[in-house]
Structure formats: structure tokens, C-alpha cells
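Visitor: I'll drop the sequence and a predicted model, then ask my questions.
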Amino acid sequence: EAAVFILSLVDCCALIFLAVYFIITLSDLECDYINARACCSKLNKWVLPELVSHSVVTILMLVSLHWFILLLNLPIAAWNLYRYVSVPSGNVGVFDPTEIHNRGLLKTHMKEAMIKLGFHLLCFFIYLYSMILALIND
């Protein structure tokens, strides 16, 4: 059981760094330090690894029968999957350079990255607590 939480903790650290990377890249676009094409290219290559990484943790919690943590992770995993699957056919990816400045999409992506950062920080401490508890009980 401790191994599940150790793996989840490592995965969560990677997702925290990824959320910070998304925030920094989007703020660079907002301040015009990089152009939209470069920003979207950088972010789109990390969308699928984020989806896979978060899905691995969700499946781990399902297999190890940790229902509360599974229910905590399921909405974010479902949102990541929905976002990845519902990319319009003409777009480059989830982050499209032609649409990122339209309709306040940049602010929406920034809010989403902030929410994910907060969520992953919360999960980090839950996994850390669960890992310590599992190590003490074993």
C-alpha cells in the first residue's frame, strides 16, 4: 500500500511542476514575451502526458480500493479526457494559436492551470499523509 502512495506522490510532483510550467508559459504569452504559436506548441506537447499521468494515479487508486482519493481524482481526470477528446477538427490541439486570444480563452486556460495547481498541491499532502500512515501501519 505504501508503494501506491509513493508512486502517486512522485506522479503528483510531476503534475505540480507541469501546472507551474503551464502557468509560466501562459503568463509569458499574456505579457507578449512569446508568440501564440510558440506558446501553444510548448503546451500542446504536454497535454497528453498530463492526461496519462493523472489517469495512472486514478487507476492506481481504483485498483488499490482507495475510494475517497479515487472520487477526488475522477472529476479532474474526466475533465482532462474531455478536453483532449473535444478538440475541434481544425485546431492544432487543446491550445490553438488562432483562438487563444479570442473570447478570453487565455484567461480561462490560466484559471484552469491555477485550479489544477491547487488541486495537485492538495493531493500532494493527502498522498504524503497516506504514505506516512501506510508506512507506520506496516
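Guide: Great, that's in hand. Residues are numbered from 1 along each chain as shown.

Visitor: same for the helix or strand hosting Glu50, what does it pack against?
Guide: Per DSSP states H and E: Glu50 is located in helix 47-63. Secondary-structure packing of helix 47-63 (3 or more CB pairs under 8 Å, 6 or more residues apart in numbering; DSSP states H and E): helix 2-30, helix 67-85. In short, each C-beta sits where N, CA and C put it, glycine included.

Visitor: for the ones you listed, which one sits closest to Ser130?
Guide: When the helices and strands packed on helix 47-63 are compared by CB to CB, helix 2-30 sits nearest Ser130, at 4.8 Å.

Visitor: What residues of the closest one count as buried?
Guide: Of the residues in helix 2-30, 4-5, 8-9, 11-12, 15-16, 18-19, 22-23, 25-26, 29 count as buried by neighbour count, 16 or more other CB atoms under 10 Å.

Visitor: Repeat that for stretch 119-138.
Guide: For stretch 119-138, by 16+ other CB under 10 Å, it's Phe119, His120, Cys123, Phe124, Ile126, Tyr127, Ser130, Met131.

Visitor: what stretches of the protein score poorly on pLDDT?
Guide: Scanning the chain for pLDDT under 70 picks out no residues.

Visitor: same thing but 80
Guide: In the predicted model of the chain, residues 103, 138 satisfy pLDDT under 80.
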